[in-house]
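Participant: 3D, please:
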Amino acid sequence: MAKCKLSGRKPRSGHNVSFSQRKTKRVFKPNVQKKTIFVPELGRSVRINMSTRAMRTVDKIGLTPYLKKQRLRLQDIL
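Facilitator: Prediction:
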């Protein structure tokens with residue numbers, strides 16, 4: 001199961017809906033990538049599974065403010 005360690009995004013379920021409106025079960029998977037991020041508090045780089053949406057936000061505001069916004073600690077994602 002692919003899960004984002006930062007935002008908590010995980011697979012969701014739903015339906016494929018055909019033209020005839022027949023519904024079949026399917027899974028919507030988040031776009032989770034492995035990314036290496038430098039953490040100044042630790043003085044080293046850390047490899048994290050994170051969604052692309054979380055990547056964009058971390059690039060904009062930084063890792064520490066993002067963790068504070070999500071009410072997470074650095075130990076929660078390591």
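Participant: Can you give me the pLDDT of the nearest residue in space to Lys5 that is not next to it in sequence?
Facilitator: Of all residues not flanking Lys5 in the chain, Ile77 sits nearest, at 4.7 Å (Cβ to Cβ, 6 or more residues apart in numbering). C-beta coordinates here come from the backbone N, C-alpha and C atoms, glycine included. Per-residue confidence for Ile77 comes out at a pLDDT of 84.
Participant: Quick one: neighbours of Ile77, just the number.
Facilitator: Close neighbours of Ile77, defined as other Cβ atoms under 10 Å, add up to 18.
Participant: I'd like the mean pLDDT over the lengthiest helix in the chain, please.
Facilitator: Under DSSP state H, the helix in the chain containing the largest number of residues is helix 52-61. The predicted model gives helix 52-61 an average pLDDT of 94.
Participant: what's it packed up against?
Facilitator: With contacts defined as 3 or more Cβ pairs under 8 Å, 6 or more residues apart in numbering; DSSP states H and E, helix 52-61 has these neighbours: strand 32-39, helix 63-69.
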